[in-house]
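**Q** sharing a sequence plus its predicted fold:
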Amino acid sequence: MDIIIRPAAPSEYAALGEITAQAYLGDGLLDFGESDEYLGELRDVAKRAAAAEVLVAVADDRPLGGVTFVPSGGPMADIARPGEAEIRMLAVDPAARGRGVGEALVRACVERARATDGCTAVVLSTQRTMHTAHRIYERLGFVRTPERDWNPVPELDDITLLTYELTL
C-alpha cells in the first residue's frame, strides 16, 4: 500500500474530521464521549487548516488519517515555544492502523519542521494511554519532557498530557 502524505484538500475536511473524532472516541480519549466539546474541535478541520497545516495520509484516494502541523509561533500551538513546531491531533482510521500511517504523518511533520527557518525542535502532547503513538515518537527520536507536561482541563485532575520533544 502506497501512502501519500499531502496537505488536506477542502473536499476531504469532513471525512478527515470524522476519522479524527472517531479515532479519539474509539480509543476512549474523550472524557465526555459525544458530548465532549473537544470533539467539535477535532471535527473542524477547516478551522485548523485556516490556522495551521493539516496533512492527510491517503492510499487509493481514500483518507486514512491526518495530523495538524503548527509551525513556529502558530496560533494552534498549545506548548510550542519560539523556534519550535508542534504536532497536534494525530489520528489514524482504526481500519488503517498497523500500516505505518501514523509514523508517515509524524515523519512528514518533522520534515516540514526541518524546512522551517529558525525551527530547532518539534514538540507534542499525548495522553498516557496512547502507547502505540509513544512508541512511534520514541522510535523517531522524540524524548519525554515531563517538566512540560500539562493539563488542558484544570478542573479535571486526571487529564495530564505527556509531552515529547525532538531536537532538530
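**A** Here it is on my side, so go on. Numbers count the residues shown, from 1 in each chain.

**Q** residue contacts, the closest residue in space to E84 that isn't next to it in sequence?
**A** Once flanking residues are discounted, E84 sits nearest to A121: 4.7 Å by Cβ to Cβ, 6 or more residues apart in numbering. The C-beta positions use only the backbone N, C-alpha and C, and glycine is treated the same way. When the contact criterion is Cβ atoms under 8 Å, 6 or more residues apart in numbering, the partners of A121 are G83, E84, A85, A113, E165, L166, T167, L168.

**Q** how does it look with 6 Å?
**A** Listed by Cβ atoms under 6 Å, 6 or more residues apart in numbering, the contact partners of A121 are E84, E165, T167, L168.

**Q** so of these, which ones are in strands?
**A** Here DSSP state E is the test, and the contacts of A121 give E84, E165, T167 as lying in strands.

**Q** in TSV: the residues you listed, plus pLDDT and distance to H131.
**A** Listed next are the ones in strands among the contacts of A121 as TSV, based on pLDDT from 0 to 100; distance: Cβ to Cβ, whole Å:
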residue	pLDDT	distance to H131
E84	97	24
E165	98	19
T167	98	23
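
**Q** buried ones among those?
**A** Among the ones in strands among the contacts of A121, those buried by neighbour count (16 or more other Cβ atoms under 10 Å) are E84, E165.

**Q** helices or strands up against the worst-scoring helix or strand of the chain on mean pLDDT?
**A** Every helix and strand in the chain was compared by mean pLDDT, DSSP states H and E; the lowest is helix 38-43, with a mean of 84. Here helix 38-43 touches helix 13-26, going by 3 or more Cβ pairs under 6 Å, 6 or more residues apart in numbering; DSSP states H and E.

**Q** now do the buried residues in the helix it packs on.
**A** When burial is assessed from 16+ other Cβ under 10 Å, helix 13-26 yields the following buried residues: Y13, A15, L16, G17, I19, T20, A21, Q22, A23, Y24.
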